[in-house]
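Peer 1: Fold the following, please.
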Amino acid sequence: MKRLLKPSGVFIFEDPYVGDIVAKNSYDQIYDEHVFYFSTIALERLFDTYDLEILDVEHQPVHGGEMRYTVGHRRHAGARSVRDAVSAERRAALDRMETFDALRGRIERSRDELVALLGRCRSDGRRIVGYGATSKSTTVINYCGIGTDLVEYISDTTPIKQGKFSPGRHIHVRPYAEFQRDPPDDALLFAWNHAAEIMKKESAYLAGGGRFIVYVPEVRSVP
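Peer 2: Numbering: from 1, shown residues only. Sure, this is the predicted structure:
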């Protein structure tokens, strides 16, 4: 970046934000496409090594929470957005190891609570279907050990995913039409970052007694 940028050039990138992962307990953001999970504090240190600086930061609500960074040669501009982001991160203790030790504990509790809830539903004779064959779902089902004994199949509207299986746990991915034709008792919401749109879309499913099981920021059934 240092060598490629013209004096007035900028480099803009956007990644899942570690602050959102900590705040929402959204451990399913951690998978192979997302190699690093940045804070503004960490990036300031990195870019300072190369005499670069963060010129602007902008939080984005997409994908469960991302941060957009604008970086350029050092200008000593002292952008307000950067100062505010660093201050917020220090208040949230994103620069302290104990924050991430606590996150690990919350993730482990979330795993145990989710598996226990799914197990109770199955013991009660309820059918459970996954909703959305997302990259997030791969993290969740493998970390939690969720297989076809708990989730019958995963419903997805993307044709290229249909007829295939989830990596690792080999849960069948089926067309959304099957979900509509024979609605399950519970839908495990893997696409939680689109929860508002999905709940609106599935108002008839909910009105008919269907439930969504969500796990971000906490494990619960909706409604």
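
Peer 1: residues in contact with the closest residue in space to Ile128 that isn't next to it in sequence?
Peer 2: In space, and not counting its chain neighbours, Ile128 is closest to Asp186: 4.7 Å by Cβ to Cβ, 6 or more residues apart in numbering. (C-beta placed from N, C-alpha, C; glycine too.) Applying Cβ atoms under 8 Å, 6 or more residues apart in numbering to Asp186 gives the contacts Cys121, Arg126, Arg127, Ile128, Val129, Gly210, Arg211, Phe212, Ile213, Ser221.

Peer 1: Cross these against strands and list the overlap.
Peer 2: Among the contacts of Asp186, the residues falling in strands (DSSP state E) are Ile128, Val129, Arg211, Phe212, Ile213, Ser221.

Peer 1: Buried among the residues you listed? Need that as a selection in PyMOL.
Peer 2: The PyMOL selection below is limited to those of those classed as buried (16 or more other Cβ atoms under 10 Å):
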select buried, resi 128+129+211+212+213
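
Peer 1: quick revisit: which residues does the residue nearest to Ile128 form a beta bridge with?
Peer 2: Ile128, Arg211 (DSSP bridges).

Peer 1: Tell me the pLDDT of it.
Peer 2: Listed pLDDT for Asp186 reads 98.

Peer 1: Mind putting the contacts of Asp186 into JSON lines with pLDDT and distance to Asp84?
Peer 2: As requested, these are exported to JSON lines (pLDDT from 0 to 100; distance: Cβ to Cβ, whole Å):
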{"residue": "Cys121", "pLDDT": "97", "distance to Asp84": "43"}
{"residue": "Arg126", "pLDDT": "97", "distance to Asp84": "46"}
{"residue": "Arg127", "pLDDT": "97", "distance to Asp84": "47"}
{"residue": "Ile128", "pLDDT": "98", "distance to Asp84": "42"}
{"residue": "Val129", "pLDDT": "98", "distance to Asp84": "42"}
{"residue": "Gly210", "pLDDT": "96", "distance to Asp84": "42"}
{"residue": "Arg211", "pLDDT": "97", "distance to Asp84": "39"}
{"residue": "Phe212", "pLDDT": "97", "distance to Asp84": "35"}
{"residue": "Ile213", "pLDDT": "97", "distance to Asp84": "36"}
{"residue": "Ser221", "pLDDT": "95", "distance to Asp84": "37"}
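
Peer 1: From those residues, pick the one nearest Arg181.
Peer 2: Checking those against Arg181 with Cβ to Cβ, the nearest one is Val129 at 11.7 Å.

Peer 1: which residues does that closest one contact?
Peer 2: If you count contacts by Cβ under 8 Å, 6+ apart, Val129 has them with Val151, Glu152, Tyr153, Ile154, Ser155, Phe179, Pro184, Asp186, Ala187, Leu188.
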